[in-house]
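K.L.:
Mind folding the following:
(chains A, B and C)
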Amino acid sequence: MTLALIPLLPLLGAFIPCLFHNRNLNAASAGVIAGFSLLLLLLQAPAVFTGEMPLYTRSWIPAMGLTFAFRASGFGFLFALLVLGIGLLIILYARYYIAKEDPMGRFYTYLLFFMGSMLGIVLSENLLLLMVFWELTSISSFLLIGFWRHRADARQGAFMALVITGGGGFAMLAGFLLLGHIAGSFELSTVLTAKETVHAHPLYPVTLILILVGAFTKSAQFPFQFWLPHAMAAPTPVSAFLHSATMVKAGVFLLALLVPVLGGSALWFYLVTLTGLITLMFAAYMAMFKDDLKGLLAYSTVSHLGLITLLLGLGTPLAVFAAVFHIFNHAAFKAGLFMLAGIIDHETGTRDIQRLSGLKKAMPVTAVLTLIGCGAMAGVPLFNGFLSKEMFLAETLGPGLTGAMGWIVPLGSTLAAVFAVAYSIRMLHGVFCGKPAEDLPGSPHEPPAGMTLSPAFLMAVCVLVGIFPAFFAGPLVNAGAGAILGPDMPDYHMAVWHGFNMALVLSIIALAGGVIFYLQRQKLFDAHLWFLRYLDGKTLFESLVSGLVQAGYRAIRFLENGSLQRYLFVLISVTLVLGAVPFAVSRTPLLGPVAATPVDPVTLVMGLILIIGAVATVKTHRNRILSIIMLSTVGLVVSLAFTRFSAPDLALTQISVEVVTIILLMMALHLLPTTTPKESSKARQRRDGLLAVLAGGGAAALAMAILTRPYDTISDFFLAHSVPGGGGTNVVNVILVDFRGFDTMGEITVLAIAGLIIYALLHGFERKAPETDDMGHPWTKDRFPMILAYITRPLLPLALLFSAYIFLRGHNDPGGGFIAGLITATVLTLQYIASGIVWTRPRLNFDNHIIMALGLILALGTGLTSWALNYPFLTSTYKYFKLPLIGKFELASAMVFDMGVFLVVVGSVMLMLVKLGSINSEDARTVSTSTHLDETMEDETIEKETH
Amino acid sequence: MINHLIVGPLLLPLLVGTVIVLNTNQPIARLRILGLSSCLAVLVMAGILLFQSAQGPIQSYVLGDWPTPFGIVMVLDRLSAMMLFITALLALLCLAYAARGTDRQGKNFHALFQFQLLGINGAFLTGDIFNLFVFFEIMLLSSYGLVLHGGGNRRTRAGMHYVMLNLVGSSIFLVGVGILYSLLGTLNMADLAVRMSQAPAENAALLQAAGLILFAVFALKAALLPLCFWLPDAYGFTSAPVAALFAVMTKVGVYVILRVYCLIFSEFAGVGANLLSAWLLPAALITLAAGTAGVAGSRDLRRITAYLVIVSVGTLLAVIGTFQREAIAAAIVYLPHTTLMTAGMFLVADLIQRQRPDAGSGLTPDRPVGQPTLLGLLFLAAAVAIAGLPPLSGFFAKVMMLMTVKDNAGAPWIWGMVLGGGLLTLMALGRAGSVIFWKLLPGDDPETGPENTRDSGPVYALADLFPAAALLAISPLLVLFGGMITEFAFAAADHVINPVHYIEAVLGPDRSLPLLYPSGGE
Amino acid sequence: MEWLVSACFGVMIACGVYLVLRARTFPVILGLTLMGYAVNLFLFLTGRLTTNLPDIISGNQTRYADPLPQALVLTAIVIGFAMIAFVVVLSLRALGELDTDHVDGQQEKPPS
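P.N.:
Modelled structure (predicted):
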């Protein structure tokens, strides 16, 4: 558990520094957490140095092969020590660096968050777990680079880093999944031993490339290197910590970790070595031209990462050993140099080498420390950088490199070393030597001791390791490299002096060449500055991103063009195609074996009327009133068809719905334009016509296919049980209120919702009906014809009686709650039409909301009573009673349900029609002033609420 | 013993919705209490049902006590139980958000919200294809009302498209159901599955046509390309809590596709066997591509989120399109994550929008939001979860999906699209976040930052932020209990992919036999 | 008879589709209504064409019309009615708010 706590402590404790408003407490709390984590890490040291590997495993998501498992290999230990050690120094340094105006608590929160993630990467035993921490570093790095949120360069740098490293992470995830799939496990202990299996697998190249993309993006290898210099928009402690010492090393960490399983193939060798070499040279070259101290250090970092990558590409035991050693050395001197650059910036107000000069007087300590750092960076003997660099140069001359690689690699490496010397001298000489600068934004002086302490410590390490490598770095590097190499661990003795050999010659060439390059720098500048700006990937990246955004935008504008006509066209076409494909593929006959019955003349005439009516609806659709009449013909014939084919219930329903629908359309038409303008082009009409004909033809064929096929149905059950089980001889009604009563329950809910929405939509909506129709003919002033009024008023009780009759007989004969409800609603509506709202409203004064809701509750309540008897919802019962005069009388629970249906229908239809009828602003206003109404009261309540 | 609890998530919203209608004139506080307590109660019931389903077999509840397949039946299996639970959770939080003011922008919000819940839950529970139609209509009609809630030109226009497309869709649905009934003579989905497996070859084309016509409708509901373009406007312009709730509506389409094509058109379905296996994966992949393009190309956070809904549907259906048990399990893991997180993003986008009076949720600089730390944190959490970055649930769901489809022939496509889509999503959200939270107005000083003195919208109380925060807080829980959840998902997938369990639970053990032994042998 | 009924169904669908594809709300509503009629008829047809058969149970009758599709059509009619009523009102509302009865709320293509 202590092992798991090392990364978890900073992760879970990350929020703590945010809690304080005191800068010392911010820093101290972060320091304590990191320190505690370091302590836990050091507890592992005895085991690690004796070659053991402490493991901690807990099951997490077995189905994915994800375990909560940590390991402390020598290599992981080395890395964790760097993370925590340098991390602590950074925490101290940042306390002085971060300005008063900046939110320091948040800074330390991000920093701890990052620290935990990084520790997670280096200590994970499970590849997926490693992946989790990997992407966490992308997120924390995004937040840290964007710390100065209002600066454009910070925003862009953060975004770029996120997309490149996060995106690379996605590739690596794919690679890990394949690797785990091939190796049969995500546990590193298993994966690392599966070299043969992995190399033999056909997916090995894909796996390797995906993982390399992940590692290269994180470690800023060519061609992804450009994000790192732009990440320098982060506060300097962040650059020192993440972008030189730790996070960017995650990529090379991973490469080194996976050398035992992925390395050793030609593909690995060429990909990794060449990428490393190109990065090494390119970045070292770029570094020479950077005027910004942090920019110089950033390119130098990229270059050194290339160096380590190159070593890992070579893959020989000594190369791996050198890589591990250089990781350690580079972390020490580069983190220190960044902090020194930060000090210079902090005290002088600029990082521009062109402006800075002669600082050694004012800042002697800083100058000495920078001298050490630059010495190490350039590979000067007696500093740690020299040792690993010499090992590197020796390896480039190794016997493994044959053919063209045999001279390309050493030549390139030496050249890069020359550049490195040149930019190191530039940093040191340009800033500290020469005449003291005059016009600096700040007055140069030594920083507070707390700020110098951290770089001083690191520079001390550089010197000590540089002089006594075996004592100060030996055990650590041995343990680290040993963990990777296992039995292949070379027997190498670290020492300052290895005798006079080829590597030393190259080192000397590099030093001498570097000095010459520096002295001749002005010529170089003149020759190369003009194309340098093309070498920054930022422009390319940004045009790529904006290109993607543009492409996405255009694609979407093209697809989602906001035209309903297009969407409907697509929907109908898709349906048509989907419906047609099975016939096209299987070639089964369209028609079935059942013979068609003959047509009788009456039906034929009715059919023709229907067809004519439908076509006429289309033909006349510009003249809206006429088309409504045509449409009603169709509806009428359909209901006649239901009668013709033994469905009286349907006929009754259809006809009453028909009436209400037409009323509705007429009412709407009163407010809508009465004609439709001609808009569609001929081509569009033809296109739509074609689709319509195809859809119609398909539909007809479908109907024919069905009608000529035999079937058997569950309906026999309904016929058999309707009387004994449901207590009704009208099977359709019994199905509606009993067998499938739940459908009806839903259906009346739909009706009620429609009532509600229509009411809500029309609420507060006023529109004055035009005085004339579109042709300019005035509407009749006689709004409520006398005759109609005097016919409808006495009709009302009669009609209500009729609907009661329809309702009661429903269970046994055509009829029922729905039809009765529609009839009632229709006659009530007729009163409004005939006599106007002003007259009718006060006389039919009930709230339709309440009627509707009561109906729903009645239906629901009927269903729920069966619970009391422990039957499922809606279980029905019925009983026959003998009543005097009437005779045998049936009372079925289903009838109560039907009563609910009746009420919902009446309530909701009235709600719709009355509300619709009162839109016409003239009417509405008269109403609201003349009578007491539920609605106006409602308005008041709503108003009170909102104010 | 009849388990009446199964219909609880239907009857309670219906009852409460009706009671709210009766109380229309009461103060809104009372309606809020009614609505919220209903949602809470449904959540509790769904929780119990989820627990029951995880422990035991599939349960069925026959309404009206008629024997199946004659009566309408509700079926509770693990998948439907999970969907109920997600819906209830989402509904509660969305309503809590709406109760901070959205519900006052028009009439009948609370009643419609309950009916919406009824419709969605019904679609998850019903085992009858015509009853499914009825619940679809309840769901759609209430959603029409909710989409239009609050009014405004853009809402009306987007709502009209949504409504009219779905009305045509409803007609198509009835045609599909009609064909099925006309040849198989039944409406019960389990019975349909049995009868489908015995259908004669001469009906093959017709039955397949029925299945594919229904697919067109479900694809419209789920928002699959090319039937998805009603969604960005409808979700982008409606009120935030409604858009958030609707994150689960497209999942109804996904759920029904999973249900119908793993049951009625399963591998055992004779002439209708494996109907969608050639269609679903390609359709889902192009949907994913189009959704990603929309995410990358949108210039407004609300619209980005709307397109994220399309991405999430595309991802889900691509994985489901392999019709493999493990992949379906992975989809079941991904489903709650993607639903709740996109919903959370809708709420976060709204919170941001209201504190940016000029730019709203558009990706142009505006004065800084009033509560940058809180909103930034919420946005970050939502973005990390949605882009599929660790440590939140998106990452784990994505990993599981990628892993489970790896043996499928379409795996390279799915991997490429899901990972590439993830990268573009990351890019789009990263860009959105940096513009909204970091970018300065042209007049601001780049060194000292924005002037904070200007007024920037309302200051949120804890209750305003709570629903969004709670939704996002589910993500780490999904991760923490990942082991349990994946186990549940595998068990749920077992029941989904093998129709025999469902048929036995609905029709009894004898009726599933023809499915297993189509020749009538043994 | 079957031919005639199928033709009627097909013509209604064709006319419905054509109207639904128009640019103004009113013809679209007409089209939706027409499609509704057509689909109800189709649903009814799934019980096949039965002439002169009762659907009320009486003692001496052995053949009946299939009652189930009829019940379904009834439900569908009601739901269809609710939908049409709603869409009529929605189009009114749209006219009021957008000041046009174009289905896209404006004559020209909407801007970005």
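K.L.:
Spatially, which residue comes closest to the residue of the stretch 751-900 of chain A found nearest chain C, not counting chain neighbours?
P.N.:
Of all residues in the stretch 751-900 of chain A, A:Ala754 sits closest to chain C, at 3.6 Å by Cβ to the nearest Cβ. The C-beta positions use only the backbone N, C-alpha and C, and glycine is treated the same way. Closest residue in space to A:Ala754, ignoring its immediate chain neighbours: C:Ala82 at 3.6 Å, by Cβ to Cβ, 6 or more residues apart in numbering or on different chains.
K.L.:
Burial check on the one you found, number of neighbours?
P.N.:
When counting by other Cβ atoms under 10 Å in any protein chain shown, one arrives at 26 neighbours for C:Ala82.
K.L.:
Which helix or which strand is home to it?
P.N.:
Taking DSSP states H and E as the criterion, C:Ala82 maps to helix C:67-98.
K.L.:
Just the mean pLDDT for that helix, thanks.
P.N.:
In this model, helix C:67-98 carries a mean pLDDT of 89.
K.L.:
Quick one: list the elements packing against it.
P.N.:
Of the remaining helices and strands, those touching helix C:67-98 by 3 or more Cβ pairs under 8 Å, 6 or more residues apart in numbering or on different chains; DSSP states H and E are helix A:648-671, helix A:715-721, helix A:731-734, helix A:741-762, helix A:893-917, helix B:129-148, helix B:153-184, helix C:25-45.
K.L.:
Against which helices or strands is the fourth one packed?
P.N.:
Meaning helix A:741-762. Against helix A:741-762 (3+ Cβ pairs under 8 Å, 6+ apart) you get helix A:848-868, helix A:893-917, helix B:8-22, helix B:109-125, helix B:129-148, helix C:67-98.
K.L.:
rerun that using 10 Å as the cut-off
P.N.:
Other elements packing on helix A:741-762 under the criterion 3 or more Cβ pairs under 10 Å, 6 or more residues apart in numbering or on different chains; DSSP states H and E are helix A:817-843, helix A:848-868, helix A:893-917, helix B:8-22, helix B:109-125, helix B:129-148, helix C:67-98.
K.L.:
May I see these arranged in CSV, with distance to B:Tyr307 as well?
P.N.:
Listed next are these as CSV, based on distance: least, Cβ to Cβ, whole Å:
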stretch, distance to B:Tyr307
helix A:817-843, 43
helix A:848-868, 38
helix A:893-917, 36
helix B:8-22, 30
helix B:109-125, 22
helix B:129-148, 17
helix C:67-98, 25
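K.L.:
can you tell me which of the ones you listed comes nearest to B:Asp510?
P.N.:
helix B:129-148 (22.0 Å; Cβ to Cβ).
K.L.:
Could you write out the alpha-carbon coordinates of that closest one in PDB?
P.N.:
Extracted in PDB, the C-alpha atoms of helix B:129-148 (Å, rounded to 0.1, in the frame of the first residue of the first chain):
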ATOM      1  CA  ILE B 129     -44.600  -3.500 -30.200                       C
ATOM      2  CA  PHE B 130     -47.800  -1.600 -30.500                       C
ATOM      3  CA  ASN B 131     -47.600  -0.500 -27.000                       C
ATOM      4  CA  LEU B 132     -44.100   0.700 -27.800                       C
ATOM      5  CA  PHE B 133     -45.700   2.900 -30.500                       C
ATOM      6  CA  VAL B 134     -48.100   4.400 -27.900                       C
ATOM      7  CA  PHE B 135     -45.200   5.100 -25.500                       C
ATOM      8  CA  PHE B 136     -43.200   6.600 -28.300                       C
ATOM      9  CA  GLU B 137     -46.100   9.000 -29.000                       C
ATOM     10  CA  ILE B 138     -46.400   9.900 -25.300                       C
ATOM     11  CA  MET B 139     -42.700  10.500 -25.200                       C
ATOM     12  CA  LEU B 140     -42.700  12.500 -28.500                       C
ATOM     13  CA  LEU B 141     -45.700  14.600 -27.700                       C
ATOM     14  CA  SER B 142     -44.400  15.600 -24.300                       C
ATOM     15  CA  SER B 143     -41.000  16.300 -25.800                       C
ATOM     16  CA  TYR B 144     -42.600  18.500 -28.400                       C
ATOM     17  CA  GLY B 145     -44.100  20.500 -25.500                       C
ATOM     18  CA  LEU B 146     -40.800  20.600 -23.700                       C
ATOM     19  CA  VAL B 147     -38.700  21.600 -26.700                       C
ATOM     20  CA  LEU B 148     -41.000  24.500 -27.300                       C
END
